[in-house]
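Trainee: I'll drop the sequence and a predicted model, then ask my questions.
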Amino acid sequence: MEGVGGDGGASPLAPLAKWRNDFSRAFQYYLDRSTPLPVQRWLGTLAVAAIYVLRVYYVQGFYIVSYGLGIYILNLLIGFLSPKVDPELEALDGAALPTKETDEFRPFIRRLPEFKFWYAITKAFCVAFLMTFFSLFDVPVFWPILLCYWIVLFVLTMKRQIMHMIKYRYVPLNIGKQTYTGKKSGGASSSGSSSRD
């Protein structure tokens, strides 16, 4: 009766599963710690992107991988700049963006939050970097055509997105938006009149 008792021994995959679980926990721990540090996260992604660009420049190939990476990043950018509820597709329920000056203010909620946007771009650069080590992905193409096609695609997509922003009056970036710092400390706080945020 082999393998029936408790003394049969542990599975040979148990150490591998334990290592994977420990690695997953450590990775999630550092990912959670990086959440409130957007500048440092984006600088790290910029470093990864620079390493990828240097690798492609050094090997003079993998342009189709770079083109696929560019299309994927463009797709992520559209998700980052788009509202969670598209006013063109959804009926006017409680979550629609205001379109008139008299409409009630509703905050802009992204379809793809900043953290997920950053994480997806970083993973994409890492995967593309790993792909440059396999000659299977080095398809010979005339890269200037791919570059021109990507630029045309980028311009047309951004034009459509900007027209959508103008039509439905939303700004997905924090540049130029009014920020509130809260109540001012000092002698003015003892008075009965306080401003609402």
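Mentor: The structure has been received and is ready for your questions. Residues are numbered from 1 along each chain as shown.

Trainee: any idea how many residues pack against Ala17?
Mentor: 10 (other CB atoms under 10 Å). To be clear about C-beta, it is placed using only N, CA and C from the backbone, and glycine gets the same treatment.

Trainee: helix or strand for it, which one?
Mentor: helix 14-34 (DSSP states H and E).

Trainee: any idea how far that helix is from the chain center?
Mentor: Here helix 14-34 is found 22 Å from its chain centre; the criterion is CA atoms, centre = their mean, to the nearest Å.

Trainee: next helix or strand past that helix?
Mentor: helix 38-59.

Trainee: for whatever helix or strand comes next after that following helix, packing partners?
Mentor: Once the chain leaves helix 38-59, the next helix or strand it forms, by DSSP H and E, is helix 63-81. Contact here means 3 or more CB pairs under 8 Å, 6 or more residues apart in numbering; DSSP states H and E; on that basis helix 63-81 packs against helix 38-59, helix 114-131, helix 143-168.

Trainee: tell me which of the ones you listed lies nearest to Ile78.
Mentor: helix 143-168 (6.3 Å; CB to CB).

Trainee: how about the residue nearest to the spatial centre of the chain, nearest residue that isn't a chain neighbour?
Mentor: By CA atoms, centre = their mean, the mean C-alpha position of the chain lies nearest to Phe117, the distance being 0.6 Å. Once flanking residues are discounted, Phe117 sits nearest to Phe80: 4.6 Å by CB to CB, 6 or more residues apart in numbering.
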